[in-house]
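1. Provided below for reference: sequence and predicted model.
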Number of protein chains: 2
Amino acid sequence: MSNLYCIKGDILYTKDFGSFETIESGYILIEDSKVKGVYKNLPEKFLKVKVTDYKNSLIIPGLVDLHLHAPQFPNIGLGLDKELIPWLETYTFPEESKYDDIEYSKKVYSKLIKEIWKYGTTRCCVFATIHKESCKLLIELFNTSGLGAYVGKVNMDYDSPINLLEDTDNSINDTEELLKEYRDKFPLVKPIITPRFVPSCSDKLLKSLGELAIKYNVPVQSHLSENRGEIKMVADRYPNEPNYASVYNSSNLLGQTKTIMAHCIHLSDEEITLLSNKNVYVAHCPTSNVNLSSGIAAIRKLINNGVKVGLATDISGGHTLSLIEVMAYTMQMSNLKWIESNYQDAPLTTAEMFYLATKGGGNFFGSVGSFEEGYDFDALVIDDSKEEPFNYLSLEERLQKFIYSGDYKKIKARYINGNIVNEPNL
Amino acid sequence: MSNLYCIKGDILYTKDFGSFETIESGYILIEDSKVKGVYKNLPEKFLKVKVTDYKNSLIIPGLVDLHLHAPQFPNIGLGLDKELIPWLETYTFPEESKYDDIEYSKKVYSKLIKEIWKYGTTRCCVFATIHKESCKLLIELFNTSGLGAYVGKVNMDYDSPINLLEDTDNSINDTEELLKEYRDKFPLVKPIITPRFVPSCSDKLLKSLGELAIKYNVPVQSHLSENRGEIKMVADRYPNEPNYASVYNSSNLLGQTKTIMAHCIHLSDEEITLLSNKNVYVAHCPTSNVNLSSGIAAIRKLINNGVKVGLATDISGGHTLSLIEVMAYTMQMSNLKWIESNYQDAPLTTAEMFYLATKGGGNFFGSVGSFEEGYDFDALVIDDSKEEPFNYLSLEERLQKFIYSGDYKKIKARYINGNIVNEPNL
């Protein structure tokens, strides 16, 4: 029984979309790195297993961030009275061009990963920049940290600022080099193919990246339908494609391997069906979408149509690396979407939103984001005992208080893949 | 020169709606409790004045919260997947009925005021409950704290839960007793007439409160046009009034004395004109409005039509006592309103939003919320030096970082009416 251990506390997670599983003073039994069971009372055969008792603390699955831009970390909170394109030109592109400097990259990325850790994110999907070496550095740093991550070298060889414009062949070759080197190197940190978005990629690049995805069986991440101006650019360039999503699909970048598309705000019904059929994950980025005046994604509609959805911070379009805050915004934006949809798309309940923040995005990483049997044991231990409540609170209400307080300092332990992960020493 | 002192730092404030005044390493000269001048270089005749040098810290006006419900503090973050009416019935009314218990009131209100202080709010307008004694307690506690506040005993004698339903004459008499006792008792804490909203007040009560407002020349605060269901209730009850706002006006509760109306989301053009003509202040509550699916107030339109606007947390419809967060939401909701208005109502700039958070609401309290000559010296000193930026940031960008980080712990000193105010010892 040496590979068995147990933690005890007030357990809350979601198995199904829309309902909480809760056990007050319950036990989670972990075997190797995986959940073996959750119990109100520990079965007799496990009574000798070592128990860590997080008395009166909430234990929830780790939070999963499906979309963020590592090099934009220095710009968090800046320029958010601009729309997407001017914001890109004023803040984002100038910053991203700095990451050919490995020292600068190290300074930013080390601090970034500590911040991701701080807010209780246990797994994330990350855009780096076009620069191969700093992308490798970012992969190595994530591995050292103990966090789980997909990290992508960004590809852009079309209609981009001159100092971020790649030669097409170099872009493809650098990507392949990264895939070969890191595909099987680390258990929790992996490369991912990352065309920035259609407007900044040539057709040849898109097609070649799709070929690499299939050849190495690696996942894909990109942006889709964030902004009306962006959509028009794609429509003008591809008059023979029925829609934006189909451009990715034609290049084998839409579900031919596991795929995440960020934003997905202005999708047509045909695109929603396509995403659903192709098992594409939508990274919902409510903070970014409201900061950059992009609009509100129709999350209820996407889910009703069978599309997989997870949550994302999307820094620095998003103003915070905290998924705790993003959870609150997800609720709020679903309220506004309810109004916008003329009361058709019902607001998300707390349980529905929490599913998206944990299991919804977690499943992109495998069996992640729940305490069901066989799931990787990723968890946050939240000590809310110092904030003495004036009234009795249920576990769900305590979770609501945690979410709406945004107070990451209540997180007193983080487990990833069965291991306690302390503040990264980077 | 004994009543003169000076503080030095990176000064940022708004004199006019839409533009920042900034002075790096500048001086604010204070005489008694009021700003005498702001200088890049201190004039020679003041060179002997004692200077407190807040090196590298931002100095901004204190934040003003025009609308919050003190008794709802225990419910912060709870039940925000409900709309206004079910939320009131499940959470708000049961909690508010507890404040006939003075011990419970003391426990909640003491903690509340410390929290308000913590987030850098220097002045606020507060709803208590119907209970006279706990309202008096709240006034006394605010006075002890050093914060500035208008505090109102709530009036409700109509269509309300039985344990919050007042006898009309008692409601009027209790209100008058409070006005007499506290009208001139404290320099920074004052009573304010507070009909909950039209649906919970009889016509006799509204009329009597309007008479008291004029008799004692005291201000008024209430709710207006938050929710479509609420508006319909008012329209059904007052078929001869042209709109909701006019019901208050007919009772002398709309600008006959200084007045705040919270929310004002679904106003008709006639109501906007009325509010403008009557110099009514709108308390914009973006967090509350998005939490309770109320909608987005047309702040740009209100301002363009000459209506005065300030910001408010509206706990616990709002999920936070932090005006820092409310500032970010104000920007974000103005972005969404831009879309909703078919790109007619331009989003707020950072400078415009910051004016609302400081001088916009501050002017309800007199000359408050700016560093112009003659203004009460209310200020926050924000030490952002620990968060070493990766790039040079302007004062405006440092303010943006502070706002979007929501990190109140950066506030290292608070001045109210010329005095340093430390954490209240309540």
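-> Perfect, I can see it now.
2. confidence score at the closest residue to chain B within the stretch 1-150 of chain A?
-> When scored by Cβ to the nearest Cβ, the stretch 1-150 of chain A has residue A:77 as its residue closest to chain B, at 3.2 Å. Backbone N, C-alpha and C define where each C-beta goes, glycine included. For residue A:77, the pLDDT comes out at 96.
3. same deal with residue A:1?
-> Reported pLDDT at residue A:1 in the predicted model: 46.
4. Check residue A:389 too.
-> pLDDT at residue A:389 comes out at 86.
5. do the same with residue A:87
-> 87.
6. And the helix or strand hosting it, what's buried?
-> In the assignment (DSSP states H and E), residue A:87 maps to helix A:84-87. For helix A:84-87, a neighbour-count test (16 or more other Cβ atoms under 10 Å in any protein chain shown) marks A:84, A:87 as buried.
7. what's the next secondary structure element after it?
-> Later in the chain than helix A:84-87, the nearest helix or strand by DSSP H and E is helix A:93-96.
8. I'd like the average pLDDT over that following helix.
-> 96.
9. and for it, what are the contacting residues?
-> Outside helix A:93-96, the residues within contact range by Cβ atoms under 8 Å, 6 or more residues apart in numbering or on different chains are A:71, A:72, A:74, A:75, A:129, A:130, A:154, A:160, A:161, A:164, B:391.
10. Extract the CA atoms of the following helix or strand past that helix and return them as PDB.
-> Proceeding N to C from helix A:93-96, the next assigned helix or strand is helix A:102-118, under DSSP H and E. Output of helix A:102-118 as PDB, limited to C-alpha atoms (Å, rounded to 0.1, in the frame of the first residue of the first chain):
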ATOM      1  CA  ILE A 102      16.600  35.000 -23.900                       C
ATOM      2  CA  GLU A 103      17.500  36.900 -20.800                       C
ATOM      3  CA  TYR A 104      14.400  39.100 -21.000                       C
ATOM      4  CA  SER A 105      12.300  36.000 -21.700                       C
ATOM      5  CA  LYS A 106      13.700  34.300 -18.600                       C
ATOM      6  CA  LYS A 107      12.900  37.300 -16.400                       C
ATOM      7  CA  VAL A 108       9.300  37.500 -17.700                       C
ATOM      8  CA  TYR A 109       8.500  33.800 -17.900                       C
ATOM      9  CA  SER A 110       9.800  33.000 -14.500                       C
ATOM     10  CA  LYS A 111       7.600  35.600 -12.900                       C
ATOM     11  CA  LEU A 112       4.700  34.600 -15.000                       C
ATOM     12  CA  ILE A 113       4.800  30.900 -13.900                       C
ATOM     13  CA  LYS A 114       4.900  31.900 -10.300                       C
ATOM     14  CA  GLU A 115       1.800  34.100 -10.800                       C
ATOM     15  CA  ILE A 116       0.000  31.200 -12.600                       C
ATOM     16  CA  TRP A 117       0.800  29.000  -9.600                       C
ATOM     17  CA  LYS A 118      -0.300  31.700  -7.200                       C
END
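11. Provide a list of residues in contact with the one residue sitting closest to the centre of chain A.
-> The C-alpha lying nearest the average C-alpha coordinate of chain A belongs to residue A:66 (Cα atoms, centre = their mean; 1.5 Å). Residue A:66 sits next to A:124, A:125, A:260, A:262, A:281, A:283, A:284, A:310, A:311, A:312, A:361, A:364 when contact means Cβ under 8 Å, 6+ apart.
12. Buried ones in stretch A:141-156, by neighbour count?
-> In stretch A:141-156, counting by 16+ other Cβ under 10 Å, buried: A:141-143, A:145-156.
13. Take the residues you listed and keep only those in strands.
-> The members of the buried residues of stretch A:141-156 that map onto strands under DSSP state E are A:148, A:149, A:150, A:151, A:152, A:154, A:155.
14. residues in contact with the lowest-mean-pLDDT helix or strand in chain A?
-> Taking mean pLDDT, DSSP states H and E as the measure, chain A has helix A:84-87 as its least confident helix or strand, at a mean of 82. Here helix A:84-87 makes contact (Cβ under 8 Å, 6+ apart) with A:79, A:80, A:226, A:227, A:229, A:230, A:292, A:293, A:294, A:317.
15. Now which of those would you call buried?
-> Here, 16+ other Cβ under 10 Å leaves A:79, A:80, A:226, A:227, A:230, A:292, A:293, A:294, A:317 buried among the contacts of helix A:84-87.
16. Thought residue A:288 was touching the fourth one, still the case?
-> No - checked against Cβ atoms under 8 Å, the pair residue A:227 and residue A:288 is beyond contact range at 10.8 Å.
17. and the residue of the stretch 1-150 of chain A closest to chain B, that one's in a helix?
-> No - under DSSP: H, G, I helix; E, B strand; the rest coil, residue A:77 sits outside any helix and is assigned coil.
18. and the residue nearest to it when sequence neighbours are not counted, what is it in contact with?
-> Distances taken as Cβ to Cβ, 6 or more residues apart in numbering or on different chains put residue B:404 closest to residue A:77, at 3.2 Å, once the chain neighbours are dropped. Going by Cβ under 8 Å, 6+ apart, residue B:404 touches A:76, A:77, A:80, A:319, A:320, B:328.
19. need the contact list for the fifth one.
-> Contacts for residue A:320 were tallied using Cβ under 8 Å, 6+ apart; they are A:76, A:119, A:287, A:313, A:326, B:404, B:405, B:406.
20. and of those residues, the nearest to residue B:387?
-> Closest approach between these and residue B:387, by Cβ to Cβ: residue B:405, at 7.7 Å.
21. ok now do the closest one, which residues does it touch?
-> Applying Cβ under 8 Å, 6+ apart, the residues contacting residue B:405 are A:76, A:77, A:320, B:387.
22. any low-confidence regions in the stretch 1-150 of chain A?
-> Applying pLDDT under 70 to the stretch 1-150 of chain A flags residues A:1-2.
23. Farthest from the middle of chain A: give me that residue.
-> Outermost residue of chain A (Cα atoms, centre = their mean): residue A:44, 38.7 Å.
24. before we move on, the earlier item: reformat the contacts of residue A:320 as CSV; add distance to residue B:169.
-> CSV is the format used below for the contacts of residue A:320 (distance: Cβ to Cβ, whole Å):
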residue, distance to residue B:169
A:76, 56
A:119, 54
A:287, 51
A:313, 56
A:326, 51
B:404, 50
B:405, 51
B:406, 46
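25. Rebuild those residues as a markdown table, extending it with distance to residue B:11 and secondary structure.
-> Shown next, in a markdown table, are the contacts of residue A:320 (distance: Cβ to Cβ, whole Å; DSSP: H, G, I helix; E, B strand; the rest coil):
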| residue | distance to residue B:11 | secondary structure |
| --- | --- | --- |
| A:76 | 24 | coil |
| A:119 | 32 | coil |
| A:287 | 30 | helix |
| A:313 | 32 | coil |
| A:326 | 34 | helix |
| B:404 | 21 | helix |
| B:405 | 20 | helix |
| B:406 | 22 | coil |
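26. Identify, from these, the entry nearest to residue B:175.
-> When the contacts of residue A:320 are ranked by distance to residue B:175 (Cβ to Cβ), residue B:406 comes first, at 36.7 Å.
27. Can you report how many residues lie near the closest one?
-> 22 (other Cβ atoms under 10 Å in any protein chain shown).
28. what's near enough to touch it?
-> Residue B:406 sits next to A:320, A:325, A:406, B:322, B:324, B:325, B:328 when contact means Cβ under 8 Å, 6+ apart.
29. PyMOL command for the buried members of the residues you listed?
-> To isolate the buried subset of the contacts of residue B:406 in PyMOL, counting by 16+ other Cβ under 10 Å, use the following:
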select buried, (chain A and resi 320+325+406) or (chain B and resi 322+324+325+328)
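30. Now, the contacts of residue B:406 that are in helices?
-> Under the assignment DSSP state H, these contribute A:325, B:324, B:325, B:328 to helices.
31. contacting residues around the last one?
-> By that I understand residue B:328. Applying Cβ under 8 Å, 6+ apart, the residues contacting residue B:328 are A:319, B:403, B:404, B:406.
32. Kindly confirm my reading that residue A:13 forms part of a strand.
-> Yes - Residue A:13: assigned to a strand according to three-state DSSP.
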